[in-house]
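Q: below are the sequence and a predicted model for it; my questions follow.
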Amino acid sequence: MQNKFLHVYGTRERNLKNVSVSIPKNQITVFTGVSGSGKSSLVFDTIAAESQRQLNENHSSFIQHRLPQYGQPDMDGMENLPVSFIISQKRLGGNTRSTVGTITDIYSLLRLLYSRMGKPFVGYAEVFSFNSPKGMCKTCHGTGKVDTIDIDRLLDRDKSLLEGAILFPTFEPGGWRLRRYLYSGLFDNDKKLRDFNEEEMNWLLYRTDKKLPNPDPQWPKTAQYEGVIPRIERTFLHGESEERSRHKKKIDSIVARGICADCGSYRLSSQILSCKIAGKNIGECASMQSDDLLTFLHTLECPPPVKPVLIALQRQLKHMVSIGLGYLSLNRETSTLSGGESQRIKILRQLGSSLTDVAYILDEPSIGLHPHDVNKVNALLRQLRDKGNTLLVVEHDPDIIRIADHIVDMGPRAGSNGGNVVFEGTYDGLAQADTLTAKHLGHTVYFKKAPRRPAGYIAIKNATLHNLKNVNVNIPKKILTIVTGVAGSGKSSLINGVLPKLCTDCIMIDQKPLHASKRSTIATITGIFDDIRKKFAQANRVAPSLFSFNSKGACPACKGLGKIYTDLAFMDTVVTTCEVCRGNRYTHEVLQYTLKGKNIAEILSLTINNACRFFAGEKTANTLSRLSTVGLGYITLGQTLDTLSGGELQRVKLAAELGKKGQIYILDEPTTGLHMADVAQLMEVLDKLVSRGNTLIVIEHNLEVLAQADWVIDLGPGAGQKGGTILFEGTPQELSNTSDSITGRYLKKYMQHREQHNGKH
């Protein structure tokens, strides 16, 4: 019976307070709790890290040195630990050759199908690969795109060659590449480029590998002439080089990327594209939305030997549609996928696996999803479980919490006030518990009784970016507007793409991560550390640099990190507290200086709430109070950004903008990574921002936030080419009565569920 549970004994990672927990195997366990309560410390820093560490130890020293390094968690022990796969929100990334089709292997199946069924026969599966020299388009080298140099950006036609007419590094006056043109004997070097005739301009820009008729005596005798365009393309555009990296900004300023005219962005040679199935070549199929491609494949009749390939291809595409990614095409570059899309692609790859009795560890799989798509993720989680696997899911979404077989609620609050297990059991048991999660699962949600009235509008006319279909919409000013719709419906294209071009002064708080390193802290990122160091310098009549752990005052042993990182080659890097400064980061001399009775290390160890009181009445307190307002009061000033969760980092960005008035704010899913209690606090912050005369435009799926909006703009009806239109504009209550909107139907169901829940409890 014991081996049916994963046992964790006495873990003290980060803020965990000697936590012991038993997690049932072959079930879905959801870990809940406010941001900073210890969920990730238990699931990722303890269970996942230990599983990866022990797995890596089975490899040779040579392999271990090239694998991610996991230190041994601070705990008493662990039993019945399965091999774990971490399905994180980290973006897939990759270069232009990495696509949805290649990362999922769906394109490999499509290539196999075309090699078996395509007419005329042009070769086996390999020739249909745009990464193979046998199949790729020779013009774009299989990327589907070509870089072309904008002549008007490259040349100043009002100047001569000697005056600097070529606007590119090393071609300027005195530049070594310019000398080739000055000594060519082809040009009057004092002549303005606008006066060049067609032949002169052709020589300057395009002619190459030609021996010169009358070169200057300084021209190298063995050299051949090369025009400016081919020279820049060869040196700076084709392949990676040190010069390309050095002059990247300038290259980007003169280069336009467009569709390859020879292959039409299909990446393959004309011979390969001549092979078709039912009138479509493989490039056309890879460019279709996955749901449309699936429909097309269902129309095909194929001979029995090919049937297994077609069935496997259809099955994988059905999985794509089932996780809400039917709007993606197989040729979509992975570098353009969001964190949520990347995570669902990773889930898709596991569905095709025949492995069982493993643990899948997921980090908020609901992120970026409309409630309609969350239901699809739930079905996938159940599929993974029913194959005989254990699922550990860190999550805030009530719809995912509801399907859990087992729930571990962390708390009671965050930071030093968290780190305990406050509930273990079923969903029904949690509903009766006395925890923050239980409280907010059951609290009543109402529509706003008196929605604010707009003070004018921002008019968007005939928007056609990406999938937007000639969209015309008026966005209200000085109220809270929520823009919603299923994933891929066009929300981001409209609000993050079109709107900023109309409102160049708007403040965007998006999901791009802050720079997070071992040296970046709350104090440094907010700028208050400069003020604190100046205060210390004035109080003690010494230089401010003495109080920087990145400068003069840093402990020489740990170089101001407070920790020693020891690389033991093929073994894990060992992290220990610096024995010289005892983790304080500073020299003994610096720690003798005080400000109001505290040294610099003691100041950095203050929580934001305590620091607010310490600096009361000072400028520093204003910045700190904004951090406290967004629920970060438990974090210390010296806490490094690489230890903060995604939700915490996003609130740091929001806090930086809170003091501004009369602005237009664009927020991209601000509830990402937030517990229901944190969402309630966030709503108070947003409400105050609007009350000060600001305009708030928020892309959001959270139904509780949606219910509290003044105005809603709903896009759809579907994703990709099936979206891009405005379905609804009005109040949330009006939306809930709109049956044509998927969002409206889910909002109505959500409000009814809350009424029923409160009727029972």
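A: Cool, the structure landed.

Q: with adjacent residues omitted, what lies nearest to residue 162?
A: residue 189 (4.9 Å; CB to CB, 6 or more residues apart in numbering). The C-beta positions use only the backbone N, C-alpha and C, and glycine is treated the same way.

Q: looks to me like residue 673 is in a helix.
A: No: if the criterion is DSSP: H, G, I helix; E, B strand; the rest coil, then residue 673 is coil and not within a helix.

Q: pLDDT at it, what is it?
A: Per-residue pLDDT puts residue 673 at 77.

Q: and what of the one 5 residues further on?
A: On the pLDDT scale, residue 678 is placed at 82.

Q: now it. Its backbone dihedrals?
A: phi -70, psi -30 (degrees, to the nearest 10).

Q: helices of the stretch 251-400 of the chain, start to end?
A: 270-273, 282-287, 290-298, 307-322, 339-351, 371-386, 398-401 (DSSP state H, counting those that start in this stretch).

Q: quick check, distance from the first one to the centre of its chain.
A: Using CA atoms, centre = their mean, to the nearest Å, the mean C-alpha position of helix 270-273 is found 36 Å from that of the whole chain.

Q: on that earlier part again, show me the contacts for the residue nearest to residue 162.
A: Residues counted as contacts of residue 189 (CB atoms under 8 Å, 6 or more residues apart in numbering) are 160-162, 182.

Q: and it, how far from residue 204?
A: Look at residue 189 and residue 204: by CB to CB, to the nearest Å, they are 11 Å apart.

Q: now swap in residue 452 and tell me
A: 61 Å.

Q: what's the answer for residue 125, then?
A: As judged by CB to CB, residue 125 and residue 204 stand 46 Å apart.

Q: with residue 524 instead?
A: Taken as CB to CB, the span from residue 524 to residue 204 is 50 Å.

Q: same check, this time on residue 556
A: 58 Å.

Q: just residue 396 next, same as before
A: Residue 396 is 61 Å from residue 204, where distance means CB to CB.

Q: more neighbours: those two, which one.
A: residue 396 (28 against 21; other CB atoms under 10 Å).

Q: pretty sure that one contacts residue 702?
A: No: the pair residue 396 / residue 702 is not scored as a contact, 9.4 Å apart, by CB atoms under 8 Å.

Q: restricted to helices, list the contacts of residue 189.
A: residue 182 (DSSP state H).

Q: need the contacts of residue 189 in JSON lines (columns: distance to residue 46 and neighbour count).
A: Converted to JSON lines, the contacts of residue 189 look like this (distance: CB to CB, whole Å; neighbours: other CB atoms under 10 Å):
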{"residue": "160", "distance to residue 46": "69", "neighbour count": "19"}
{"residue": "161", "distance to residue 46": "66", "neighbour count": "22"}
{"residue": "162", "distance to residue 46": "68", "neighbour count": "14"}
{"residue": "182", "distance to residue 46": "67", "neighbour count": "16"}
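
Q: which strands and helices sit next to whichever strand or helix holds residue 430?
A: Using DSSP states H and E, residue 430 sits within helix 427-431. Applying 3 or more CB pairs under 8 Å, 6 or more residues apart in numbering; DSSP states H and E, we find helix 427-431 packed against strand 406-411, helix 436-442.
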